[in-house]
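Enquirer: Sharing a sequence plus its predicted fold:
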Amino acid sequence: MNGIDILFVHNNFPAQFRNLAQKFASHPNIRVKAIGMASAPGMARIELQKYNFSGRELSSVHAFARRFEMEARRSEQIIYAANALKLSGFYPKLIYVHPGWGEALPLRSLFPAATICSYSEFYYWPFGADVGFDKEFPSFGVDGEVRISLRNAATLLALVDADLSIAPTHWQRTVFPEEFHRKIHVVHDGLDIARLTALGGPGISQINGEAVRPGDEIVTFVARNLEPYRGFHIFMRALPAILRARPNARIYIVGQDNVSYGTRPEAHANWRQAMMAEVGGEIDQRRVHFLGQLPYEKYLRLLKVSSAHVYLTYPFVLSWSMLEAMALGCLIVGSDTPPVTEIIQDGVNGLLVPFFGVEEIAATVVEALSDPARHAPLRAAAAETVLRHYDFESVIWPAHVRLLQDYVLSNAVLDTIGLLPQVDARRAGRGG
């Protein structure tokens, strides 16, 4: 055997698989291909078999079944895309798939001999996690609870078909039904720490046309979209007290006005407008800057000048942005919710605040701005935490290779494709 074929399936490929797919593709004896939507970003050196998919009118489908109907239609497109790969002679030995959109449904039938690794990002419960956490928003009632539970259908079917699964954090693993825990291994997506630290320098010198100097009081908040799931409404309510107490502080908010999770506000086009209508009259709007979505390098340089980085989240999926901020030595003011407390120890590598504690959040940010030297050890500890536990090259990649050894490939095959020395070296480093 001269090599192996590996397939990634994700509608927005590469998404969570970026580092892993890139690493596999760097090995000359591994052929990597992917399936994703025509709009997916894709990656250099990895052939992306694209499919088109658009939603159809579902008014005739029962409300409980509409999500699964869409997932089933999408899975049909996966069949066409996978068959195109098979016709080209591509038969993967290993498949990584995110099951959240139904793309895993036909894979076992398409590739019965493959080892399938499903990505266990989140399991939806109608209570006890994200849903019902924020009492400000009404419950969904019985009908809503049933719809929430049914969101798991494709994920559960994928777990049944999968030989193994990976979850990015321990807490995300715990939200899955206990009977599946034996299949789910905790392996984070990993960060390219070398790329992050290669930026060098003090960060950016201007933000929105304003000069940024060493020692400036810069408060940052980042989310893909500005919405309650990521505590945007709570953060905005803390701003009046922060700005009053620190007259030189400036607030920089990164995120778009769409909704990734939850619902839109009833009386406004987006949550930014809703919260500005609520607190805009209490803040100096000249010091609050909404930056929208930033190019990645500019976003990282913004984090480098942050004096305090506020990260709030419901009990839900942990954002990459918190770990990226930690890797760059930001002082994290984070919510005391399970995704955050798995990583942040209060007073050790960051500061924890109650998610709904508007006054506590404001006071903690004010304290951080007033005495940056006292919090410098927390910044250093944050960067060390990410390096020790979430660096892709030194931690995450060896974990994946160990899974290959345990589930997929013999030592002879690992040796042939050039991976055995890495797993052996890693195991020697941890005492066998």
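Expert: Good, I have the coordinates.

Enquirer: Can you list phi and psi of D5 for me?
Expert: Main-chain dihedrals, D5, degrees, to the nearest 10: phi -110, psi 140.

Enquirer: how near is it to E47?
Expert: Per Cβ to Cβ, to the nearest Å, D5 is found 11 Å from E47. The way it works is simple: take the backbone N, C-alpha and C, and place the C-beta from them, glycine included.

Enquirer: How about L369?
Expert: Distance from L369 to E47, by Cβ to Cβ: 49 Å.

Enquirer: Looking at these two, which has the bigger crowd around it?
Expert: L369 (20 against 16; other Cβ atoms under 10 Å).

Enquirer: which SSE is the more buried one in?
Expert: helix 358-370 (DSSP states H and E).

Enquirer: Give me the angle between the next helix or strand after that helix and helix 358-370.
Expert: Next along the chain after helix 358-370, taking DSSP H and E as the criterion, comes helix 376-390. Computed by axes from the mean of the first three to the mean of the last three Cα atoms, to 10 degrees, the angle separating helix 376-390 from helix 358-370 equals 110 degrees.

Enquirer: got the buried residues for helix 376-390?
Expert: 378-379, 381-383, 385-387, 390 (16 or more other Cβ atoms under 10 Å).

Enquirer: What mean pLDDT does stretch 125-145 get?
Expert: Per-region confidence: stretch 125-145 scores 87 on mean pLDDT.

Enquirer: make that stretch 370-381, sorry
Expert: Mean predicted lDDT for stretch 370-381 stands at 96.

Enquirer: Check the offset of that stretch from the chain's centre.
Expert: Put simply, stretch 370-381 sits 26 Å off its chain's centre (Cα atoms, centre = their mean, to the nearest Å).

Enquirer: Show the end-to-end separation of it, please.
Expert: End-to-end distance for stretch 370-381, by Cα to Cα, to the nearest Å: 20 Å.

Enquirer: Just the buried residues of the longest helix anywhere in the chain, please?
Expert: Among the segments of the chain that qualify as a helix by DSSP state H, the longest is helix 66-87. Within helix 66-87, the residues scored as buried using 16+ other Cβ under 10 Å are 66-71, 74-75, 77-78, 81-82, 85.

Enquirer: ok, now stretch 196-205?
Expert: For stretch 196-205, a neighbour-count test (16+ other Cβ under 10 Å) marks 196, 203-204 as buried.

Enquirer: Can you dump the C-alpha atoms of it in CSV for me?
Expert: Presented in CSV, the C-alpha positions along stretch 196-205 are these (Å, rounded to 0.1, in the frame of the first residue of the first chain):
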residue,chain,number,x,y,z
LEU,A,196,-0.7,33.9,15.7
THR,A,197,2.6,34.7,17.4
ALA,A,198,4.3,35.5,14.1
LEU,A,199,2.4,38.8,13.9
GLY,A,200,5.0,40.5,16.0
GLY,A,201,4.9,44.1,17.0
PRO,A,202,2.4,46.0,19.2
GLY,A,203,-0.6,45.4,17.0
ILE,A,204,-2.4,48.1,15.0
SER,A,205,-1.6,51.8,15.3
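
Enquirer: circling back: so what sits against both of D5 and E47?
Expert: Common contacts of D5 and E47 (Cβ atoms under 8 Å, 6 or more residues apart in numbering): K33.

Enquirer: Now do the helix holding L369: which elements does it pack against?
Expert: If contacts are counted by 3 or more Cβ pairs under 8 Å, 6 or more residues apart in numbering; DSSP states H and E, helix 358-370 sits against helix 232-245, strand 308-311, strand 332-335, strand 351-353.

Enquirer: Buried residues in it, which are they?
Expert: For helix 358-370, burial by neighbour count (16+ other Cβ under 10 Å) applies to 358, 360-366, 368-369.

Enquirer: Alright, that wraps it up for me.
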